[in-house]
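Novice: For reference, the sequence and a predicted model appear below.
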Amino acid sequence: MNSPIPLLFLLFFTLFIHPSISKSPSLFLSSNSLTKSNNSVTIRWSGVDSPSQLDWLGIYTPPNSSLHHYIGYLYLNTSSTWQSGSGSVTIPLINLRSKYKIRIFRWTESEIIPTRQDHDNNPLPQPKHLLAETEEFEYEQAHGPDQIHLALTGEVGEMRVMFVSGHGKKSVVKYGLDSGRMDHAVETRVGRYEREDMCDSPANQSVGWRDPGFIHDGVMINLQPGRRYFYKVGSDSEGWSNTFDFVSPDNNSGETIAFLFGDMGTATPYNTYIRTQDESISTIKWIARDIEALGEKPALISHIGDISYARGYSWIWDHFFNQIEPVASKVPYHVCIGNHEYDWPMQPWKPDWAMYVFARDGGGECGIPYSYKFNMPGNSSESTGTRAPPTRNLYYSFDFGVVHFVYLSTETDFLKGSKQYEFLKSDLESVDRVKTPFVVVQGHRPMYTTSNEVRDRPIREKMLEHLEPLLVDNKVNLALWGHVHRYERFCPINNYTCGSGPVHVVIGMAGQDWQPIWEPRPNHLTVPIFPQPARSVYRGGEFGYTKLIANREKLTFTYIGNHDGEAHDVVEILAPGEVINGEITKIVTNEAGPSENLKGKDGKTSVLWYVQVAGLLLFCMLVGYFIGSMSRKKKEGVTNKDWTPVKTTEET
């Protein structure tokens, strides 16, 4: 008969001498298969002993990435039950054409590495103590079509459609006037770029690089003007996209509708190495509303630089295109290049006067993702001076209804004698103002701004010297710029003098939130100059976008705020060039009740021109007592306690 002593010893050892064999943390997924980008996965954990405020969850793709090379992270304390050692988070994930794995880690304050920080100077989590990990999971059609977006080709009766897949095989675009009968088909051209094409870090390092997939480009042809078309992309072998639709352009309609903004970026449902732009969600939401309201009218979107703010982290581009797909699959999406798509220390055009203007803003991308993921009209390009292909989509133009749109590059040579300068000169001189009575020029860095953006002053001086005469001489109506992350509208201006020239508007308020103050007072460097310079008619601190509506007689340009989806500034330009209400503003206040109109330079209340006409008729019918009352008439303001506007009046 065996002695019971060894059994008692084993029990004692298990319970008291070796407690580490107790149950370890567990991690579970709600699903290990996803069907479409932005499907959500729920991650549940339990058994985390003595939870720390810094315990975190890492998102990995591909699954075999280094533990330090997660694409995103969340702290476990985002779950309301984290202190119990159990909890859950739900995360929408996009199709990155590779499998995923989720891991959770223990992290403490003593293990923070001061030199490992994100762009906001927050410490990046360290994966020193792995607690648990999930099985690998992926999308059902990981290699199928995704990120669909449209663009004009510059040719009548055509519409370009681009998308990304995980394969380089044959794909087609099917389209037609009936969703049940898309009997036209065109094959797509396929392109791709590699890590070796990137010019600097992090774009060419493993932490920033992810496989971008294959980029497909097809052109739908022989489109009837002003008709709603249905289309889908893909193949029988690799799968098809959903069916999308758009209204084809009609240059004979006598109307143009466009939504315009700069510096939008994208949002991610997790933290990552760089700051992302949550406000971009609202921008897309309101534009989607406006597109839906158009019915059978065509429109376009214009995004003038600083597109995704990927800055060398490849998956941010994927998030961007998934975010814009609901609008970019319905209307053509047009872009021009910004500093965050292009700039790097060894860029080919970096004159002495611009040494401190062009830096590392592009995160080593040197314009390559921008050049491949978009295909704008024209064939402009500049060599990168490396093994990378030339940078494309730099400057181009097209007619859309009654407006001639021109796009410029402020990051490559625009001086007299350059290819870009000669293009702009020839293009503006050849515009048929009978066909397109309005001309709108767009570029990223502004020619005019009263922001305290000191570093860009050399660029502005060269633009004023070389480009402004072309805009003035050719009677450009509207010049739109980004880069400064606020809205600012100027008077019709030439050489800092109001009275003639284009109306310049800075529209970089679509998502990015960092911004220097307005030009400061010499003796109070943290307080803006007051009153603001006369050339600066309206300033807005509200995130938003702009809407352009033009017919043959008038162009109306409206600034729409994201916090309410309403108009906050309007300017109207007549076809002959007269700005009929260039100093009109809609005042927005964050205090309850009505607000008084902003006083113009002559001390009179600014109102819309049609309100002035109505007031004149009423004036003829009222007695003298009411005349004085009308001069003090108040305009209803928009209120929102969660929004603090940039003040246009002095506070005491």
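Specialist: All right, it came through fine.
Novice: where do the helices sit along this protein?
Specialist: Taking DSSP state H as the test, the helices found in the chain are 5-12, 280-293, 314-328, 339-342, 368-373, 419-429, 457-466, 468-473, 609-621, 624-631.
Novice: which of the residues in the longest one are buried?
Specialist: Going back to what we said before, that points to helix 314-328. Residues of helix 314-328 classed as buried: 314-325, 327-328 (neighbour count, 16 or more other C-beta atoms under 10 Å). Where C-beta positions appear, they are placed from N, C-alpha and C, glycine not excepted.
Novice: show me the biggest strand of the chain in terms of residues.
Specialist: Across the chain, the longest stretch assigned as strand under DSSP state E is strand 497-507.
Novice: Output that strand as PDB, restricted to C-alpha atoms.
Specialist: C-alpha atoms of strand 497-507 as PDB (Å, rounded to 0.1, in the frame of the first residue of the first chain):
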ATOM      1  CA  THR A 497      -4.500  96.100 -50.900                       C
ATOM      2  CA  CYS A 498      -8.300  95.600 -50.900                       C
ATOM      3  CA  GLY A 499     -10.300  96.600 -53.900                       C
ATOM      4  CA  SER A 500      -9.400  94.300 -56.800                       C
ATOM      5  CA  GLY A 501      -8.000  90.800 -57.300                       C
ATOM      6  CA  PRO A 502      -9.200  87.300 -56.300                       C
ATOM      7  CA  VAL A 503     -11.000  86.700 -53.000                       C
ATOM      8  CA  HIS A 504      -8.500  84.600 -51.000                       C
ATOM      9  CA  VAL A 505      -9.900  82.100 -48.500                       C
ATOM     10  CA  VAL A 506      -8.000  79.800 -46.200                       C
ATOM     11  CA  ILE A 507     -10.000  76.600 -45.700                       C
END
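Novice: Determine how far that strand lies from the middle of the whole chain.
Specialist: 24 Å (C-alpha atoms, centre = their mean, to the nearest Å).
Novice: May I see the buried residues of that strand?
Specialist: Buried-residue list, strand 497-507, by 16+ other C-beta under 10 Å: 498, 501, 502, 503, 504, 505, 506, 507.
Novice: of those residues, closest to residue 36?
Specialist: Ranked by distance to residue 36 (C-beta to C-beta), these are led by residue 507 at 32.3 Å.
Novice: for that closest one, what are its contacts?
Specialist: Residue 507 makes contacts with 260, 261, 262, 304, 480, 481, 482, 487, 545, 546, 559, as judged by C-beta atoms under 8 Å, 6 or more residues apart in numbering.
Novice: Cross the residues you listed against strands and list the overlap.
Specialist: Using DSSP E, those in strands are 260, 261, 304, 480, 481, 487, 545, 546, 559.
Novice: Let's have those residues in CSV, adding distance to residue 457, neighbour count and pLDDT.
Specialist: Below are those laid out as CSV (distance: C-beta to C-beta, whole Å; neighbours: other C-beta atoms under 10 Å; pLDDT from 0 to 100):
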residue, distance to residue 457, neighbour count, pLDDT
260, 25, 24, 99
261, 24, 27, 98
304, 20, 29, 98
480, 20, 27, 98
481, 15, 27, 98
487, 21, 27, 97
545, 27, 28, 98
546, 25, 24, 98
559, 26, 25, 98
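Novice: Give the ranges of residues in this protein that sit below the confidence cut-off.
Specialist: Applying pLDDT under 70 to the chain picks out residues 1-23, 32, 582-652.
Novice: Swap in 50 and give it another go.
Specialist: Along the chain, the parts satisfying pLDDT under 50 run over 1-2, 4, 7-22, 583-652.
Novice: So for it, which residue is the most central one in space?
Specialist: Residue closest to the average C-alpha location in the chain (C-alpha atoms, centre = their mean): residue 264, at 2.5 Å.
Novice: unless I'm mixing things up, residue 346 is touching residue 364, no?
Specialist: No. With contact defined as C-beta atoms under 8 Å, residue 346 does not count as touching residue 364 (10.3 Å).
Novice: Now list whatever residues contact both of these two.
Specialist: Shared contacts of residue 346 and residue 364, defined by C-beta under 8 Å, 6+ apart, comprise 199, 200.
Novice: related to what we said a few turns ago, and the gap between the residue nearest to the centre of the chain and residue 335?
Specialist: Distance, residue 264 to residue 335, by C-beta to C-beta, to the nearest Å: 10 Å.
Novice: Which positions within stretch 224-239 qualify as buried?
Specialist: Under 16+ other C-beta under 10 Å, the buried positions of stretch 224-239 are 229, 230, 231, 232, 233, 234, 235, 238.
Novice: ditto for stretch 197-205
Specialist: Residues of stretch 197-205 classed as buried by neighbour count (16+ other C-beta under 10 Å): 197, 198, 199, 200, 202, 203, 204.
Novice: which residues touch that stretch?
Specialist: By C-beta under 8 Å, 6+ apart, stretch 197-205 touches 195-196, 208-209, 273, 311-314, 344-346, 360, 362-366, 368, 384, 386-389.
Novice: How far off centre is it?
Specialist: Its chain's average C-alpha position is 22 Å from that of stretch 197-205, according to C-alpha atoms, centre = their mean.
Novice: First-to-last residue distance for that stretch?
Specialist: Using C-alpha to C-alpha, to the nearest Å, the end-to-end distance of stretch 197-205 comes to 11 Å.
Novice: shift numbering so it begins at 45
Specialist: Okay, residue one is now 45; in that scheme the one you just asked about reads as stretch 241-249.
Novice: mind checking how far residue 69 is from residue 522?
Specialist: Noted for residue 69: a distance of 59 Å to residue 522, by C-beta to C-beta.
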